[in-house]
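Chemist: My questions are about this predicted structure, shown below with the sequence.
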Amino acid sequence: IPDILPGKLSLLILVLLIAEWFQRDKNHALELDNIKLPVFIKWSIYYLIIFLVLWYGGKSQEFIYFQF
């Protein structure tokens, strides 16, 4: 179970569902070739997704065999 708050988790799920809905006929949800957006906005979306993955990626855990 993720350590993030239920509200943040709900928002993240909602964003991913919206991305899936609008890109459902593409090979993947981040295929923005046919959408007429400026390059700056496309790259901003990419960086935002990378930031969110890193931010909510979880805690680093110690390697289990270091305990032995």
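Modeler: Arrived safely.
Chemist: remind me which residues of the protein are low pLDDT?
Modeler: 1-5, 29-30, 32-35, 58-61, 66-68 (pLDDT under 70).
Chemist: Which stretches in it count as helices?
Modeler: With DSSP state H as the criterion, the chain has helices at 6-22, 39-55.
Chemist: How far away from the center of its chain is the last one?
Modeler: If you compare the mean C-alpha spot of helix 39-55 with that of the full chain, they lie 9 Å apart, counting by Cα atoms, centre = their mean, to the nearest Å.
Chemist: quick one, that helix and helix 6-22 angle?
Modeler: Here helix 39-55 points in a direction 140 degrees away from that of helix 6-22 (axes from the mean of the first three to the mean of the last three Cα atoms, to 10 degrees).
Chemist: got the CA positions of helix 39-55 in PDB?
Modeler: Provided in PDB are the C-alpha atoms of helix 39-55 (Å, rounded to 0.1, in the frame of the first residue of the first chain):
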ATOM      1  CA  VAL A  39       7.000  21.700 -28.100                       C
ATOM      2  CA  PHE A  40       7.400  23.600 -24.800                       C
ATOM      3  CA  ILE A  41       4.100  22.200 -23.400                       C
ATOM      4  CA  LYS A  42       4.900  18.700 -24.600                       C
ATOM      5  CA  TRP A  43       8.300  18.700 -22.900                       C
ATOM      6  CA  SER A  44       6.700  20.200 -19.800                       C
ATOM      7  CA  ILE A  45       4.300  17.300 -19.600                       C
ATOM      8  CA  TYR A  46       7.100  14.800 -20.000                       C
ATOM      9  CA  TYR A  47       9.200  16.500 -17.200                       C
ATOM     10  CA  LEU A  48       6.100  16.700 -15.000                       C
ATOM     11  CA  ILE A  49       5.500  13.000 -15.400                       C
ATOM     12  CA  ILE A  50       9.200  12.200 -14.600                       C
ATOM     13  CA  PHE A  51       9.000  14.500 -11.500                       C
ATOM     14  CA  LEU A  52       5.900  12.800 -10.300                       C
ATOM     15  CA  VAL A  53       7.400   9.300 -10.800                       C
ATOM     16  CA  LEU A  54      10.500  10.300  -8.800                       C
ATOM     17  CA  TRP A  55       8.500  12.100  -6.100                       C
END
